[in-house]
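[1] Got a sequence here, can you build the structure:
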Amino acid sequence: MAATQGDAPAFDDMEGFLRVAKYTLVKNTDMNTEMKEEAMDICITAVEKYQNDMEKCTQMIKEQMDKKFGSPWHVVVGKAFGYEITYEVRNLLYIFVGGRTSVLLW
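    Numbering: from 1, shown residues only. Modelled structure (predicted):
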């Protein structure tokens, strides 16, 4: 690990970062706790199962969310993207899984 910049550690290599970033980081959400935890479980399972196939990953998340919470749900999974969306209040989740893969669910 290299020198730190402020409170955030700086990493010389990606492997060092990925060892530390094994947890799921919730970047933005307004879901209630119960819905957030269930949605995070669905997202984490899908990302781990389909690491190299983002299309199948998004399909699995959408189908499970539609079945569990009613439709329509929208999902974006990727490595680097920005977003600006309109969504129904209490239905947004933006997380990072494994440090690199982002999941936007609304």
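[2] Run the chain-centre distance for stretch 27-34.
    Distance, stretch centre to chain centre, for stretch 27-34: 12 Å (C-alpha atoms, centre = their mean, to the nearest Å).
[3] Check which residues of that stretch are buried.
    Buried residues in stretch 27-34, counted by 16 or more other C-beta atoms under 10 Å: 29, 31. Using the backbone N, CA and C atoms, a C-beta is placed for each residue, glycine as well.
[4] for the record, mean pLDDT for that stretch?
    Averaging pLDDT along stretch 27-34 gives 96.
[5] I would like the residues contacting that stretch, please.
    Applying C-beta atoms under 8 Å, 6 or more residues apart in numbering, the contact partners of stretch 27-34 are 36, 39, 89, 90, 91, 92, 93, 94, 95, 96, 102.
[6] measure the residue nearest to the third one when sequence neighbours are not counted to residue 93 for me?
    Sequence neighbours aside, residue 30 is the residue nearest to residue 89 in space, at 6.6 Å (criterion: C-beta to C-beta, 6 or more residues apart in numbering). With distances taken as C-beta to C-beta, to the nearest Å, residue 30 is found 8 Å from residue 93.
[7] Same check on residue 83?
    Per C-beta to C-beta, residue 83 is found 12 Å from residue 93.
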